[in-house]
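> show me how the following folds:
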Amino acid sequence: MRFQSIGSFTSKPSACGTVALAVMALVAVGCSSTSKIAQSPKGSVHLEEVSDWSFDASHPAVIDQATMMKIVKGLYSDESENGSSRMSAGGSKPMRSFSDEDAEFLTPLLVQGLSKAKPEQIVAFRVSSSAGSGIEPTTGSLYVQKGSVYFTIAKGAKATGFAPESVAHVESAPTYAAGGAAGVIAMVIDYHALAKAPAGSLPVAKPQAKSQATASVASAAGAEQATAQMAAEPVGMDELQQTKEALAKKDVEISMLRKESSWMKRELRDQAEEIKALRASKVSAKPAPAKKRAEANQAR
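The predicted structure follows:
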């Protein structure tokens, strides 16, 4: 609940009245109310009022479910940041932050929340992964401002990027969007441009159990599989050849760029010489100054 103005009374309040008004103002600034949208063992979605008076969202906002599904499925994190040791030839793999099951649960509820939210409210969510996965629930929030969705994941799954990259960028998330946590990022997504973009596909992050024994068994199985594959065939020869070809192509491009740079420098140097020559010719072609009238009269 927000108080828009205080102290517009026609008569002067008493000392007690002044103190009471001050207390009410402090309570109004610090309080935040919530309104539940849905709650189940899978997770929950609710509206949360922001106590920061400078916050003003473009709510209620209407986003169709297809676009919201693209938003939820477009969030991803690099595989290395999720603790996985598997690496691709080009580096870490982008893995989706939410599984298909989580996306199907969140999408309609987030759409409903934005359509009911007020300008001073954000849509907060909490979703748990499959039972027995050992992964902590993911919490976060989203709101709409000036044609963009600000999507923040506070805890649980990470989000370091968005696909397609052309419709989103990363900003530092305010504490009210990150559940009071500092140093959290927000994904700012142009949902109008996203609605027109083709749907992409990213691999889904696999649940990682907290059990150390399970992790050890999986690690051992992965090591055995890698050893068997290395014994069966020369792994990585094709990738090595592709890398060599790519490097050779880069070398050719760099050489061409250097030649173009040298040519441009030579052109600039020639132009400078031409300008210098033109200025010198103009100076030498100037007519001699006319004699003074007095000197001319004496000469007659």
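
> any idea of the mean pLDDT in the longest helix belonging to the chain?
In the chain, with assignment by DSSP state H, the single longest helix is helix 237-284. Averaging pLDDT along helix 237-284 yields 76.

> again with stretch 161-179
The average pLDDT within stretch 161-179 is 95.

> what are the buried residues along that stretch?
Neighbour-count burial for stretch 161-179, counted by 16 or more other CB atoms under 10 Å, picks out 161-163, 167-168, 173-174, 176-179. Bear in mind the C-beta positions are built from the backbone N, C-alpha and C, glycine included.

> so what's Ala199 up against?
Shown in contact with Ala199 (CB atoms under 8 Å, 6 or more residues apart in numbering): Lys70.

> and for Lys70?
Neighbouring residues of Lys70 by CB under 8 Å, 6+ apart: 194-195, 197, 199.

> can you tell me which of the residues you listed are buried?
Leu194.

> now do the contacts for the residue nearest to Tyr176 when sequence neighbours are not counted.
Spatially, and ignoring its direct neighbours in sequence, Tyr176 is nearest to Val50 (4.9 Å; CB to CB, 6 or more residues apart in numbering). Going by CB under 8 Å, 6+ apart, Val50 touches 32, 120-122, 176.

> ok, of those residues, which one's closest to His59?
Using CB to CB, Gln121 comes nearest to His59 of the contacts of Val50, at 6.4 Å.

> that closest one contacts Ala61, correct?
No: the criterion here is CB atoms under 8 Å, and Gln121 misses it with Ala61 at 11.0 Å.

> that older thread, of the contacts of Val50, select the buried ones using a ChimeraX command.
To isolate the buried ones among those in ChimeraX, judged by 16+ other CB under 10 Å, type:
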select :120,121,122,176
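
> and which of the contacts of Val50 is nearest to Gln145?
For these, the nearest to Gln145 is Ile122 (10.4 Å; CB to CB).
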